[in-house]
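Participant: sequence plus predicted model, see below.
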Amino acid sequence: MTPVIYWVRRDFRLSDNAALVAACKAGPVIPLFICDDIVEGHGAAPKFRLGEGVRVFADALKAAGSRLVLRRGDALSVLRDVVRETGAVTVVWNRLYDPASKARDTFVKATLKDDGVDAQSFAGHLMFEPWTVETKTGGFYKVFTPMWKMVRGRDVAQPLPAPKISAPQDWPVSDNLGDWGLGDAMRRGRDVLATHICVGEAAAQDRLGDFIENRVHRYDTNRDLPSVDGTSRLSENLTYGEISPATCWHAGWVAIHAGKSDAETFCKELVWREFAYHLAHHTPHIIDSNWKDGWDNFPWNTEDTPEVLAWKQGRTGIPFVDAAMREMYVTGTMHNRGRMIVASYLTKHLMSHWKIGQAWFEDCLTDWDPASNAMGWQWSAGSGPDATPYFRVFNPVTQLDKFDRSGNYARTWIAEGQGTPSDTALSYFDAIPKRWNMSPQDRYPQPVVDLAHGRERALDAYKNRTF
DNA sequence: TAGCTCGTTGGACAA
DNA sequence: TTTGTCCAACGAGCT
């Protein structure tokens, strides 16, 4: 039988994988991962984490009697090469929805079809594909809550079981993953970060099970507390498709029906992820331009000022901000409340452009997702799809008092000024570049910007913005 | 169509 | 210490 090429992208899983199931039905399967310019363009931490995802998925395929073929180059050229080498007449993949992937995939599909290749794409990265959700007047949702109300009662197909994969008689040649150097840009931080990631389908399933079993029933409260292990931490796995959103969704609803009502908030968070992709699909400019009109002239700083540098390096002198920035540098993730605080601080107190923050997060987050990252930053900055009043400026001091009363979170991540700093706080100094010239013995810095002054400056600018 | 209601996550200040 | 109120205004989404 002629083999089928399954083009692997952000779907490192065997279960609930529609493209893989379709491929298995059609013949022997050649799973193929391509390191193309989209992958090459990832930030340091996402690229490293992607490489680990590839490695673990290759192992899983091997255990299932298959392989993962690795090739580097332009996606279409590689696919054409492998089609030619193997005699495959079918190429399948699971759809992505960010503008760059869509543009690539649309072109690849059309060209392969012109070549006479049967190219097919499938759903799976989202539960609700953007064109299947409409307002009653036929538009797309620009506000979350109405979309949530629209989709919350919808049927989501039950996850597909992992299929039996048959191998082709001959395998095409494959690159060695190590030769790609996907983790190279991480430099010193790599070894530290590596201890915090949780890679692969089996790990993701365990994580989901543990969350539903032990933590989801207190999710509403605990998810707001950065020093409490109250969240699912599944964003890292969802972004690489090591678990499908539908799998999480169904686990959430089972919990709701078992009386764990907080699980509905978890399902809601899954829909936030969908919402971000809907916006990226319908308004692709959300990725790199102000989503709302009239913000292009807003006087945000766009330079790497000393204050911006202090923000990146976790030495603004504001404990909540610094703790969160260090958490991200060390672990590749940041608690959601931290994300709101540091984003509000950068865009409002420091009056600096959200794209600076977006780019830094893109370099540091192992759960980096193009749609969620853009939406989150624009929401914080005020230029995004939300009607947040302009005067809503998070106060990182009162926030810390409210959500980290015991001071645990700050202590976990800030070593300076502590007699016996925690291991986590010290690990930051193993991860950061030496040229940052920071030491746990330093004095903790004074605030780089007076909070009251920063707030007033931001309020003035927001109040007086011109359209 | 016009009108109505509402908007993930807050802060400051007065009583 | 806690609670209530105001901070403005606009556009989304629905009826």
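Facilitator: Structure's in. What do you need? Numbers count the residues shown, from 1 in each chain, chains lettered A, B, ... in the order given.

Participant: for chain A, which strand is longest?
Facilitator: strand A:29-35 (DSSP state E).

Participant: got the CA coordinates for that strand in CSV?
Facilitator: Taking C-alpha atoms only, strand A:29-35 is exported to CSV below (Å, rounded to 0.1, in the frame of the first residue of the first chain):
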residue,chain,number,x,y,z
VAL,A,29,1.9,6.2,8.0
ILE,A,30,5.0,8.3,7.8
PRO,A,31,4.9,10.8,10.6
LEU,A,32,6.9,13.8,9.5
PHE,A,33,8.0,16.8,11.5
ILE,A,34,9.5,19.7,9.6
CYS,A,35,11.7,22.4,11.1
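
Participant: now what about that strand, what contacts it?
Facilitator: A:3-9, A:20, A:23, A:54, A:57, A:61, A:66-73, A:75, A:78-79, A:82, A:86, A:88, A:165-168, A:171-172, A:175, A:180, A:182 (Cβ atoms under 8 Å, 6 or more residues apart in numbering). (Each C-beta comes from the backbone N, C-alpha and C, glycine too.)

Participant: give the ChimeraX command for selecting the buried subset of the residues you listed.
Facilitator: Restricted to buried positions by 16 or more other Cβ atoms under 10 Å, the ChimeraX selection for the contacts of strand A:29-35 reads:
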select /A:3,4,5,6,7,8,9,20,23,54,57,61,66,67,68,69,70,71,75,78,79,82,86,88,165,168,172,180,182
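
Participant: could you check how far A:Y97 is from DNA strand B?
Facilitator: Going from A:Y97 to DNA strand B by Cβ to the nearest atom of the strand, to the nearest Å gives 18 Å.

Participant: skipping adjacent residues, who's closest to that residue in space?
Facilitator: A:Y277 (4.5 Å; Cβ to Cβ, 6 or more residues apart in numbering).

Participant: and the one you found, how many residues sit next to it?
Facilitator: 22 (other Cβ atoms under 10 Å).

Participant: surely it meets A:P370?
Facilitator: No - A:Y277 is not in contact with A:P370 according to Cβ atoms under 8 Å; the separation is 9.0 Å.

Participant: what's the offset of the helix or strand harbouring A:A255 from the middle of its chain?
Facilitator: Using DSSP states H and E, A:A255 sits in helix A:245-257. Between the centre of helix A:245-257 and the centre of its chain there are 20 Å (Cα atoms, centre = their mean, to the nearest Å).

Participant: from the contact counts, what lies against that helix?
Facilitator: helix A:201-214, helix A:263-282 (3 or more Cβ pairs under 8 Å, 6 or more residues apart in numbering; DSSP states H and E).

Participant: nearest to A:V151, out of the ones you listed?
Facilitator: helix A:263-282 (6.1 Å; Cβ to Cβ).

Participant: now do the helix or strand following that closest one: everything it contacts.
Facilitator: Under the assignment DSSP H and E, the closest C-terminal helix or strand after helix A:263-282 is helix A:306-313. Applying Cβ under 8 Å, 6+ apart, the set of residues contacting helix A:306-313 from outside is A:301, A:316-317, A:321, A:325, A:342, A:345-346, A:350, A:352, A:356, A:360, A:432, A:436, A:438, A:445, A:448-449.

Participant: now with 10 Å?
Facilitator: A:301-302, A:304-305, A:315-318, A:321-322, A:325-326, A:328-329, A:342, A:345-346, A:349-353, A:356-357, A:360, A:363-364, A:428, A:432-433, A:436-438, A:445, A:447-449, A:454 (Cβ atoms under 10 Å, 6 or more residues apart in numbering).

Participant: how far does that helix sit from its chain's centre?
Facilitator: With Cα atoms, centre = their mean, you get 23 Å for helix A:306-313.

Participant: got the buried residues for stretch A:441-455?
Facilitator: Buried, per 16+ other Cβ under 10 Å, within stretch A:441-455: A:445, A:447-449, A:451, A:454-455.

Participant: so which of those residues are also by DNA strand B?
Facilitator: Residues of the buried residues of stretch A:441-455 in contact with DNA strand B (Cβ under 7 Å from any atom of the strand): A:R455.

Participant: which of the buried residues of stretch A:441-455 fall in helices?
Facilitator: Counted as lying in helices by DSSP state H, out of those, are A:451, A:454-455.

Participant: take the residues you listed and write them to CSV, including pLDDT and distance to A:D224.
Facilitator: Shown next, in CSV, are these (pLDDT from 0 to 100; distance: Cβ to Cβ, whole Å):
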residue, pLDDT, distance to A:D224
A:L451, 91, 21
A:G454, 89, 24
A:R455, 89, 22
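
Participant: in CSV: the residues you listed, plus distance to A:A258.
Facilitator: Output for these, formatted as CSV (distance: Cβ to Cβ, whole Å):
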residue, distance to A:A258
A:L451, 44
A:G454, 46
A:R455, 44
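
Participant: how about stretch A:144-152 and DNA strand B, touching?
Facilitator: Yes - using Cβ under 7 Å from any atom of the strand, stretch A:144-152 reaches DNA strand B at A:144-145.

Participant: coming back round to it: out of the buried residues of stretch A:441-455, which one sits closest to DNA strand B?
Facilitator: A:R455 (5.8 Å; Cβ to the nearest atom of the strand).

Participant: not counting sequence-adjacent ones, nearest residue to the closest one?
Facilitator: Per Cβ to Cβ, 6+ apart, closest to A:R455 is A:V393, 5.2 Å.

Participant: tell me how many other residues crowd that neighbour.
Facilitator: 19.

Participant: how about the contacts made by the residue nearest to A:T412 when sequence neighbours are not counted?
Facilitator: Distance criterion Cβ to Cβ, 6+ apart; nearest residue to A:T412, sequence neighbours excluded, is A:T424 at 5.1 Å. For A:T424, the contact set (Cβ under 10 Å, 6+ apart) comprises A:196, A:326-327, A:330-331, A:411-415.

Participant: what about those residues, which one has the most neighbours?
Facilitator: So for the contacts of A:T424 (other Cβ under 10 Å), the most neighbours sit at A:W413, 29 neighbours.

Participant: that residue reaches A:Y329, doesn't it?
Facilitator: Yes - applying Cβ atoms under 10 Å, one finds A:W413 in contact with A:Y329, separated by 9.4 Å.

Participant: and the stretch 151-300 of chain A, which residues reach DNA strand B?
Facilitator: Near DNA strand B, when you scan the stretch 151-300 of chain A using Cβ under 7 Å from any atom of the strand, you find A:224, A:268-269, A:272.

Participant: change it to 10 Å
Facilitator: A:220, A:223-224, A:265, A:268-269, A:271-273, A:275-276 (Cβ under 10 Å from any atom of the strand).

Participant: between those residues, which sits nearest DNA strand C?
Facilitator: Of those, the one sitting nearest to DNA strand C (Cβ to the nearest atom of the strand) turns out to be A:F275, at 9.4 Å.

Participant: just put the helices and strands packed on helix A:245-257 in a markdown table and tack on mean pLDDT and distance to A:D460.
Facilitator: Formatted as a markdown table, the helices and strands packed on helix A:245-257 follow (pLDDT from 0 to 100; distance: least, Cβ to Cβ, whole Å):
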| stretch | mean pLDDT | distance to A:D460 |
| --- | --- | --- |
| helix A:201-214 | 98 | 43 |
| helix A:263-282 | 95 | 29 |
